[in-house]
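K.L.:
sequence first, then the predicted structure, then my questions.
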Amino acid sequence: MIKLHPQLQKDCIILGEFSLCTLLLLNDANYPWFILLPNRENKREIHQLDADDQLQFFNESMFFSQCLQDVFQPDKLNIAALGNMVPQLHIHHIARFQTDACWPAPVWGAVAAIPYSGKEIDRVKNRLADWFQTNSTQGFRWIQE
């Protein structure tokens, strides 16, 4: 795993790693909000990944998107690579609901973050783990903090 940008380190909980990407949980219980962080140094944009890494990223992103769809059953998945504040390449995967705190507007800066409790983090991890057990895991391994 590469070193996290200080803002990602501050805002996220490291869950584990796929072959290419580290999976982070944004510490905001308003939404199921995850980040895939390709483990490549000095990359800001997806097109800067080599062709094999682009394909691997796409596979991991689509696999995890299906996981989010099945586990959380959102009304919409928001997938975005902004990087305006954090230049390290990272891609947001957010499960959105018509009942969430700022639907249908974008989530960035809309409402104050609600940090997860330890019990809530475990619940999210268990829901993902249950799904991973019945589906190909794309080489995912959990990281214990």
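P.N.:
Arrived safely, thanks for sending.
K.L.:
and the helices in this protein, which stretches?
P.N.:
Shown for the chain, the helices assigned by DSSP state H span residues 6-11, 51-72, 118-134.
K.L.:
can you list the low-confidence ranges for the chain?
P.N.:
145 (pLDDT under 70).
K.L.:
distance check, the residue in the chain sticking out farthest from the centre against residue 58.
P.N.:
The centre of the chain is farthest from one residue, residue 51, which by C-alpha atoms, centre = their mean lies 21.6 Å away. Here residue 51 is placed at a distance of 11 Å from residue 58 (C-beta to C-beta, to the nearest Å). In this view, the C-beta of every residue, glycine as well, is placed from N, C-alpha and C.
K.L.:
just residue 80 next, same as before
P.N.:
Per C-beta to C-beta, residue 80 is found 15 Å from residue 58.
K.L.:
wouldn't residue 27 be in contact with residue 113 here?
P.N.:
Yes: using C-beta atoms under 8 Å, residue 27 is in contact with residue 113, at 6.7 Å.
K.L.:
what sits in contact with each of these two?
P.N.:
Shared contacts of residue 27 and residue 113, defined by C-beta atoms under 8 Å, 6 or more residues apart in numbering, are found at residue 11.
K.L.:
list the buried residues for stretch 41-49?
P.N.:
Neighbour counts over stretch 41-49 (16 or more other C-beta atoms under 10 Å) mark 43, 49 as buried.
K.L.:
residues contacting it, please?
P.N.:
2, 38, 40, 54, 57, 81, 83, 87-89, 91.
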